[in-house]
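Chemist: could you work out the structure for the sequence below:
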Amino acid sequence: MATSQEYRLGEFTFPRGWFMIATSEEVNSHKPLALRFFGKDFALYRGQETGRIVLLDAYCPHMKTHLAARNDTSYVIIDGHGTNIEGDSIRCPYHAWRFGPDGQCDDIPYHEGPIPKTACVKSWPVLESLGAIWIWHDPEGGEPEWSAPALEEWDQSSWVRWEFDDLGTLNQHPQEVIDNICDYGHLGPIHGSTVERYENEFNGHLATQRQCGPHRTLVDEHGGQPILHTITTYHGPGVLISNMTGMHDAILMITHTPIEDGSIKVWHALLVKSPGGNSEVNTQDVIAARQFQQASLHAFMQDFEVWMNKAPCLNGLFIPSDGPFMKARIWYKQFYNPRDRSREFTEQTDGVYVPKGAVPYSQ
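Modeler: This is a model prediction of the structure:
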């Protein structure tokens, strides 16, 4: 594993942006969920009173007990019918201090008098969208600069909603994954693509790849090779969304979130328009969509397997036919530096780039 400092990314160890931290299904539980991201431990839960999603720093300020670690023996848990979630609040299993969704302690059962204002844990900005839980992470503590991931197709009856593929921990710095957005040269050797047109565009916090051509991994049932068009965009540093047309109309989402400085957690998902052309999806549509998601996952694993076994690319031997690697790396730096420096990086990268020898997609 290499670190953000070794990649010379900027002032911050972890980037600014929206990041996925769990699936909605994982918090559809009576118990809190212990998480670790950005080198920190968190307690995530769904409030029993309103169903709101709450994310707190994990450790009670009293004696540093983890609020969400597994505990089946404390009478806080036993008397709570198997949980320490109480309404939209959570109790520490050690001394039963209770913390509201704002992180402030609002009850100490054995204490009389005012509760110290320092009896609090940090509450983080989170929301639920697309079957996932998202955090806005900002080393400067600022408000979100762009909207959280959302898709209008998610609520349309003609689309089969995804089920997340949890790929676990990848022991690589996210820089290695971000490089993929501009890697023109790998499409043939890894994915079996015959690229007919290709380009990259950088625009503020967005980094886009447009390409089309036959694809040996995403084939139809007769072994044919439909022309696959993908318009793939990083919305900030951790959320990739790709609109795909070819065998089926689909929307791919791949998310990665830093765990430690040099490791990430990765999810894959695919939203598929009714393969049968139905206005409301049926069982056959769901089966076909799940099969197509497996093919999409296989295509992604062709990248993932390489990342699992490579050394850090700190100083790549890039050539003009590879794709605009250095532009993408400069673009990525905006998220590792104070937001008032963003233009310093985007002014160097905003625009459309075509690798040497490639035909522009937008011709």
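Chemist: thought residue 259 was touching residue 265, still the case?
Modeler: Yes: using CB atoms under 8 Å, residue 265 is in contact with residue 259, at 5.6 Å. Backbone N, C-alpha and C define where each C-beta goes, glycine included.
Chemist: now for these two: what residues contact both?
Modeler: Common contacts of residue 265 and residue 259 (CB atoms under 8 Å, 6 or more residues apart in numbering): 37, 169.
Chemist: which residues in the stretch 151-300 of the chain form strands?
Modeler: Taking DSSP state E, counting those that start in this stretch as the test, the strands found in the stretch 151-300 of the chain are 159-160, 165-170, 197-203, 206-214, 227-235, 239-245, 250-260, 263-273.
Chemist: in the longest helix that the chain contains, which residues are buried?
Modeler: The residue-count maximum for a helix in the chain (DSSP state H) belongs to helix 283-308. Residues 285-286, 288-289, 292-293, 295-297, 299-300, 303-304, 307 are the ones in helix 283-308 that count as buried (16 or more other CB atoms under 10 Å).
Chemist: the residues you listed: which two are farthest apart?
Modeler: Using CB to CB, the pair of those lying farthest apart is 285 and 307, separated by 32.4 Å.
Chemist: a markdown table please, covering the buried residues of helix 283-308 and showing distance to residue 205 and pLDDT.
Modeler: Shown next, in a markdown table, are those (distance: CB to CB, whole Å; pLDDT from 0 to 100):
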| residue | distance to residue 205 | pLDDT |
| --- | --- | --- |
| 285 | 34 | 97 |
| 286 | 34 | 98 |
| 288 | 34 | 95 |
| 289 | 30 | 96 |
| 292 | 29 | 93 |
| 293 | 27 | 95 |
| 295 | 30 | 90 |
| 296 | 25 | 93 |
| 297 | 27 | 95 |
| 299 | 26 | 90 |
| 300 | 23 | 93 |
| 303 | 23 | 92 |
| 304 | 25 | 94 |
| 307 | 23 | 93 |
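Chemist: which one of the residues you listed sits closest to residue 359?
Modeler: Out of the buried residues of helix 283-308, the member with the shortest distance to residue 359 (by CB to CB) is residue 299, at 22.2 Å.
Chemist: how many residues are close by residue 75?
Modeler: 9 (other CB atoms under 10 Å).
Chemist: mind pulling the model confidence for it?
Modeler: Per-residue pLDDT puts residue 75 at 96.
Chemist: where's it relative to residue 69, distance?
Modeler: Distance check for residue 75 against residue 69: by CB to CB, to the nearest Å, it reads 16 Å.
Chemist: do the same with residue 53
Modeler: Taking CB to CB, one finds residue 53 at 19 Å from residue 69.
Chemist: of these two, which one has the most company?
Modeler: residue 53 (21 against 13).
Chemist: tell me which residues form a beta bridge with that one?
Modeler: Residue 53 forms beta bridges with residue 46, as assigned by DSSP bridges.
Chemist: residues in contact with it?
Modeler: Here residue 53 is in contact with 27, 44-47, 126-128, 133 (criterion: CB under 8 Å, 6+ apart).
Chemist: again, only this time at 10 Å
Modeler: The contact partners of residue 53, by CB atoms under 10 Å, 6 or more residues apart in numbering, come to 21-22, 24, 27, 44-47, 88, 101, 126-128, 133-135.
Chemist: check residue 300 too.
Modeler: Contacts of residue 300 (CB under 10 Å, 6+ apart): 165, 167, 180, 191, 217, 240, 252, 254, 266, 268, 270.
Chemist: can I get these in CSV including pLDDT, neighbour count and distance to residue 314?
Modeler: Below are the contacts of residue 300 laid out as CSV (pLDDT from 0 to 100; neighbours: other CB atoms under 10 Å; distance: CB to CB, whole Å):
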residue, pLDDT, neighbour count, distance to residue 314
165, 98, 17, 29
167, 97, 17, 24
180, 94, 20, 17
191, 82, 20, 25
217, 65, 17, 30
240, 98, 23, 23
252, 98, 22, 29
254, 98, 26, 23
266, 98, 21, 21
268, 98, 22, 27
270, 98, 27, 33
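Chemist: could I get those residues as a markdown table with distance to residue 1?
Modeler: Output for those, formatted as a markdown table (distance: CB to CB, whole Å):
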| residue | distance to residue 1 |
| --- | --- |
| 165 | 23 |
| 167 | 17 |
| 180 | 18 |
| 191 | 26 |
| 217 | 28 |
| 240 | 21 |
| 252 | 27 |
| 254 | 20 |
| 266 | 15 |
| 268 | 22 |
| 270 | 29 |
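Chemist: just give me the closest of these to residue 145.
Modeler: Closest to residue 145, out of all of the contacts of residue 300 and judged by CB to CB, is residue 240, at 17.8 Å.
Chemist: got a list of what that closest one touches?
Modeler: 149, 177-178, 180-181, 207, 209, 232-234, 252-256, 268, 300.
Chemist: distance from the chain centre to stretch 33-42, please.
Modeler: 15 Å (CA atoms, centre = their mean, to the nearest Å).
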